[in-house]
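[1] Requesting a structural model of the entry that follows:
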Amino acid sequence: MSLIIIACGGTGGHLSPGIALAEALHARGHETLLIISRKSIDTRLLEKYPHLKFQRAPGTGLQSKSPLALLRFITSQTHALLHATRLVHQRHPALLVSFGGFLTLGLALVCHLAHIPIVLHEANRIPGKAIRYLSRIATRTWLPHGISLPSLPPEKQRHASFPIRKEFRAHPRDNARRELGFPPETGKLLLVLGGSQGAGPLNEWVFQNKEKINATGAHVLCVTGPGKSTAPPPSKAATDMIGTNPQTRFIPFCDKMPEALSAADLVLSRAGAGSIAEFITCTTPSILVPYPFAADNHQQANAQFLEKLQGGKIIPQEQLKNATEEILHLLNDATALNHYRENLRRARKNFSWHPMLDDITHLAAQKMGGRKTSHLRA
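    Alright, predicted model coming up:
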């Protein structure tokens, strides 16, 4: 049985597709090892998958261009390189799959030197630095549909959608609302997702406008991110059952995201590639507020893609404070929301990542076949 290492930690946008891929490969008889960061959010998400093997690895991203930040980055990447060297020489993987980010560099370099095939997946519509640099030594680079890297020959780059975990599916709206403690009979539901980095402005917008939103009869569920809530924690009763009166609930983390997206009439969110893939999967209309400090402004490109599909619309962060009436109008515009949902359903039909899964399985089999041949010759 071949071992496939999957480097996917650091952010939910990397870890979630890594889990999806690991489960699919496991079903095909492959052993997988997920390489995750030492962040608590990585461990929390993986607690739901006790059957998957994972290993925490050292390493941090470059937080700024200051000399101290650069020194910390170099030190952490040196530790990551040593960790990768030990791992590869002990486990002899058939393949490395990486979803980008700061955990990629050391593993990719060690695997390249050991002649182990490398497969990269880029979810954003502007490829990140790690993917751009490492694609030169990768066997295959998978990119979003319509995106290419001019520096790569065509046979080295292919196209696939974002890997979605198998349990991530749309639920009946009323069932999803009951599961979350919201009444299915009354009130629209606005779901607000700020992500791990840019939650502050969206949380603040909810806190400032919650009375106005509730006055229209709508509920709000705001996923603030750990330690980022601007509101006092809700009582246990409010957490267990919101009741029939329109209210706003702040929670730091949502373990039931498919239910949350299925229950919501509209989501106000950042524009991460993983989030957009989940909106398409659950056909949830969205208002996207691209994180303005994202690398290469890639969230703006992601948001423009969904807006072009007519599955949502963009509101720049600097306009958010003055956009409350616009958001409330869309939340209560059944015709517009149904139009968005129909467009998302059409987009979902073409939203497949299985060609990437087939390719990874083929490359791993080729590598293992080569090892057997070498062994016989020896």
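
[2] For the stretch 151-300 of the chain, which segments count as helices?
    For the stretch 151-300 of the chain, helices defined by DSSP state H, counting those that start in this stretch occupy the ranges 173-180, 199-215, 236-240, 257-263, 273-282, 298-308.

[3] what does the stretch 1-150 of the chain give?
    For the stretch 1-150 of the chain, the helices identified by DSSP H, counting those that start in this stretch occupy 12-27, 40-46, 67-91, 104-113, 129-134, in order along the chain.

[4] Which among those is found nearest to residue 209?
    Relative to residue 209, the nearest member of the helices of the stretch 1-150 of the chain by Cβ to Cβ is helix 12-27, separated by 25.8 Å. Where C-beta positions appear, they are placed from N, C-alpha and C, glycine not excepted.

[5] List the buried residues of the closest one.
    Across helix 12-27, burial judged by 16 or more other Cβ atoms under 10 Å covers 12-26.

[6] From the contact counts, what lies against it?
    Here helix 12-27 is seen to pack against strand 3-7, strand 31-36, helix 40-46, helix 273-282, helix 354-377 when contacts are counted using 3 or more Cβ pairs under 8 Å, 6 or more residues apart in numbering; DSSP states H and E.

[7] Quick one: mean pLDDT over that helix.
    In this model, helix 12-27 carries a mean pLDDT of 92.

[8] Name the residues that touch that helix?
    Helix 12-27 is contacted from outside by 4, 6-9, 32, 34, 36, 41-42, 45-46, 49, 51-52, 97, 99-101, 103, 121, 123, 162-166, 168, 195-196, 272-275, 353, 357, 360-361, using Cβ atoms under 8 Å, 6 or more residues apart in numbering.

[9] and if we set it to 7 Å?
    Identification of contacts with helix 12-27 by Cβ atoms under 7 Å, 6 or more residues apart in numbering yields 4, 6, 8-9, 32, 34, 36, 41-42, 45, 49, 52, 97, 99-101, 121, 123, 162-166, 196, 272-274, 357.

[10] Now, of the residues you listed, which are buried?
    The neighbour-count test (16+ other Cβ under 10 Å) applied to those identifies 4, 6, 8-9, 32, 34, 36, 41-42, 45, 49, 52, 97, 99-101, 121, 123, 162-165, 196, 272-274, 357 as buried.

[11] circling back to that earlier point, identify the farthest-apart pair in the buried residues of helix 12-27.
    Largest separation among the buried residues of helix 12-27 by Cβ to Cβ: 13 and 26, giving 21.4 Å.

[12] lowest confidence element among the helices and strands of this protein?
    Taking mean pLDDT, DSSP states H and E as the measure, helix 236-240 is the helix or strand of the chain with the lowest mean score, a mean of 40.

[13] Give me the residue ranges of the chain where confidence is low.
    Of all residues in the chain, those with pLDDT under 70 make up the ranges 1, 196-197, 227-244, 371-378.

[14] Would you point out which residue is most central in it?
    Here the mean C-alpha position of the chain is nearest to the C-alpha of residue 13 (Cα atoms, centre = their mean), at a distance of 2.3 Å.
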